[in-house]
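Colleague: Quick one, what's the 3D model for this:
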Amino acid sequence: MVKKIKKTQIFRHIIQLIMFVLSPGLFILAFSELKSIYTMIIKGNFNFITAFPTLIEFTTVIIATVFLGRFFCGWVCAFGTYNDFLYLLSKKVFKINFKVNEEVDKVLKYVKYVVLLLLVIVVWTMGSKVLDTTSPWDAFAQITNFPQVLFDYTIGVALLLLITIGALFVERFFCRYLCPLGAVFNILSKIGILKIKKPSDKCGKCRLCTNNCSMGLSLYKVESVCGGDCINCFKCIEACPRSNTKINVLGENVNPELASGVAIAAMVGLYAVNNLGASAVANSGLATASTTSTSTSSTSQKYKDGTYTGTGTGFHGATTEMSVTIKNNKITKVETVSNGDTPDFYARAESTITSEIISNQSTSVDTVSGATYTSEGIINATQEALKKAEVGSSATNTTTTPTASTDDKSTNTANTATTANTYKDGTYTGSGSGFHGGTTQMSVTIKDNKITKVETVSNGDTPDFYARAESTIISQIVSTQSTTVDTVSGATYSSEGIISATQEALSKAKA
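Modeller: Modelled structure (predicted):
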């Protein structure tokens, strides 16, 4: 008998591999954003519009999960992909055929709710730092830098090893029994519009759908499944020899390739829309408006108005320099002046930490999971800046590069007389190391204390990767007036070469 080609599974594995390479830390980023929502709620300072720019990933995933089910878990999550391919390896190469007893499996699936509850109580509510060095998903998110991860997350790596062993014997071991984010999705996905329908009158004693279920669901006992532990992998659809198992959306049976393609496209589109919305919120100033609207008349003067800078130590001892703007005794802006941190980790931490500092009017904020040391660098630099701003401090104000639009210049005219220039006018060059060690040389033009032009002088990088990164990185640097920009997915090393070269050029331009 010729085996049927499982087109949906081939498509799924391709998507999984792409997301594994492009966004290995998406799971921990979404989970850390859920933590941010919870901590803001219990502190009584949650404002969705204010927080939205720092909640893009979780917002995207949760909306998609509520309406379409757990496609994120089955198709996108890198930690789920890791579990899938470990089990595939054990089954095809090592010929391991271990099965968990059905009743034992049911009981073990409640463990993930215990894990979630412990995290909420011990870490999120009580503020324990136990996960700072013991989190297996933090270790996984940074595994590309294994020597440092092994040193910083020794217990986390040990737990990751145990999860790896479990995944070799039980399909989706972590997802079934331990995933705290999966516990949340399990509850919220049950109201979705997508169901897997399986009229049992045609099944007889067949157990193929159950035997092929990634999450070990007893499908032979039910007529349909909507969300819950189902991760929409659709293995049951392709395993059914009678084509009895169907995907049903709003009462209509649909093709599995079409359903999965639409779901993935919807997530990508939703992510793009959320990014545009977050940019609009950030640019409109709504994020700071809510924190500055409260009256300060009865507040004792703690800080002097002005802009102050401070430095802190981030990942691998990298120096982070932050500027803090004080107005009417309030922290109104926290920005990066420069950083030598790893761009991926820094981007993960920056927006969340700075937003929480402004929202809380305090540096007593949680670090971002997966970017703990980077977060601490930002927090420490901000603390040093705030110490200079304190009433009674002898430190003098320093003002960073203005980023106001032309329309706003009139409001800043009074302050420019005392503003210290960050950069000297002129054109400066710097070099950095890109893909496969290729040297990138960039020129940066400064005029009126502004970065007006960033150009490539030469590069020994791979042309395809470099072209993918160049225009995006340069435009972001000029528009944000900062080298703290996201790398381009699929051209990370080329992006880092451009950023490093620009940073070196700017260091020569400093006044």
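
Colleague: which parts of the helix or strand that contains Glu350 are buried?
Modeller: Glu350 is located in helix 343-360, with elements delineated by DSSP states H and E. Neighbour counts over helix 343-360 (16 or more other C-beta atoms under 10 Å) mark 343-360 as buried. Quick note: C-beta positions are derived from backbone N, CA and C, even for glycine.

Colleague: Could you identify the helix or strand that succeeds it?
Modeller: Once the chain leaves helix 343-360, the next helix or strand it forms, by DSSP H and E, is helix 372-389.

Colleague: other SSEs contacting that next one?
Modeller: For helix 372-389, the packing partners by 3 or more C-beta pairs under 8 Å, 6 or more residues apart in numbering; DSSP states H and E come out as strand 306-313, strand 319-327, strand 330-339, helix 343-360.

Colleague: Pull the contacting residues for Val115.
Modeller: Counting by C-beta atoms under 8 Å, 6 or more residues apart in numbering, Val115 makes contact with 178-180, 183.

Colleague: let's go with 6 Å and repeat that
Modeller: 178, 180 (C-beta atoms under 6 Å, 6 or more residues apart in numbering).

Colleague: part of a helix, is it?
Modeller: Yes: assignment of Val115 by DSSP: H, G, I helix; E, B strand; the rest coil places it within a helix.

Colleague: Distance of it relative to Ala511?
Modeller: Applying C-beta to C-beta, to the nearest Å, the value for Val115 to Ala511 is 52 Å.

Colleague: If you rank every helix and strand of this protein by mean pLDDT, what lands last?
Modeller: Least confident helix or strand, the chain: helix 409-416 with a mean of 37, by mean pLDDT, DSSP states H and E.

Colleague: what are the pairing partners of whichever helix or strand comes after it, and which direction each?
Modeller: Using DSSP H and E, the helix or strand that follows helix 409-416 in sequence is strand 426-433. Within its sheet, and counting by DSSP bridges, strand 426-433 is paired with strand 439-447 (antiparallel).

Colleague: Could I get the buried residue list for the partner strand?
Modeller: Buried positions in strand 439-447, judged by neighbour count with 16+ other C-beta under 10 Å: 440-446.

Colleague: now swap in stretch 62-70 and tell me
Modeller: For stretch 62-70, by 16+ other C-beta under 10 Å, it's 62, 64-66, 68-70.

Colleague: Am I right that Gly314 is in contact with Asp341?
Modeller: Yes: at 4.3 Å, Gly314 counts as touching Asp341 under the criterion of C-beta atoms under 6 Å.

Colleague: anything in contact with each of these two?
Modeller: Common neighbours of Gly314 and Asp341 (C-beta under 6 Å, 6+ apart) are Thr374.

Colleague: Could you list the residues in contact with stretch 376-383?
Modeller: If you take C-beta under 6 Å, 6+ apart as the criterion, stretch 376-383 is touched by 310-314, 320, 322, 324, 334, 353, 357, 363.

Colleague: Now that stretch - C-alpha only, PDB.
Modeller: Output in PDB follows, covering the C-alpha atoms of stretch 376-383 (Å, rounded to 0.1, in the frame of the first residue of the first chain):
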ATOM      1  CA  GLU A 376      19.600  45.300  34.500                       C
ATOM      2  CA  GLY A 377      21.900  47.400  32.400                       C
ATOM      3  CA  ILE A 378      19.000  49.700  31.300                       C
ATOM      4  CA  ILE A 379      17.700  49.900  34.900                       C
ATOM      5  CA  ASN A 380      21.100  50.700  36.400                       C
ATOM      6  CA  ALA A 381      21.800  53.300  33.800                       C
ATOM      7  CA  THR A 382      18.400  54.900  34.500                       C
ATOM      8  CA  GLN A 383      19.000  54.800  38.200                       C
END
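
Colleague: how far is it from where the chain is centred?
Modeller: The chain centroid and the centroid of stretch 376-383 are separated by 20 Å under C-alpha atoms, centre = their mean, to the nearest Å.

Colleague: Any regions of the stretch 51-200 of the chain where pLDDT drops low?
Modeller: Counting by pLDDT under 70, the stretch 51-200 of the chain contains low-confidence ranges at 142, 144-145.

Colleague: Kindly report the same for the stretch 351-500 of the chain.
Modeller: For the stretch 351-500 of the chain, the ranges with pLDDT under 70 are 369-370, 394-421, 435-437, 464-465, 468, 488-491.

Colleague: if you set the cut-off to 90 instead, what comes out?
Modeller: Within the stretch 351-500 of the chain, the stretches with pLDDT under 90 are 351-377, 380, 387-425, 432-440, 447-450, 458-497, 500.

Colleague: Can you spell out the domain ranges of this protein, please?
Modeller: Here the domain parsing of the chain from automatic domain parsing is 7-268, 304-399, 426-509.

Colleague: Can you give me the buried ones in the longest helix that the chain contains?
Modeller: Ranked by residue count under DSSP state H, the longest helix found in the chain is helix 256-284. Across helix 256-284, burial judged by 16+ other C-beta under 10 Å covers 256, 259-260, 262-264, 266-267, 270-271, 274, 278, 281-282.

Colleague: now do stretch 315-332
Modeller: 315, 318, 320-326, 329-332.

Colleague: Kindly export that stretch (C-alpha atoms) in CSV.
Modeller: Only the C-alpha atoms of stretch 315-332 are listed here, as CSV (Å, rounded to 0.1, in the frame of the first residue of the first chain):
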residue,chain,number,x,y,z
PHE,A,315,24.9,41.4,28.9
HIS,A,316,28.6,40.3,28.7
GLY,A,317,29.6,43.5,30.5
ALA,A,318,28.4,45.7,27.7
THR,A,319,27.9,49.4,28.6
THR,A,320,24.5,50.9,28.3
GLU,A,321,23.9,54.7,28.4
MET,A,322,20.5,56.0,29.0
SER,A,323,19.0,59.5,29.1
VAL,A,324,16.1,60.4,31.4
THR,A,325,13.9,63.6,30.9
ILE,A,326,12.3,65.1,34.0
LYS,A,327,9.4,67.6,33.7
ASN,A,328,7.3,68.9,36.6
ASN,A,329,8.9,66.4,38.9
LYS,A,330,7.9,63.5,36.5
ILE,A,331,9.9,61.0,34.5
THR,A,332,8.5,61.9,31.0
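
Colleague: Fine by me, we can end here.
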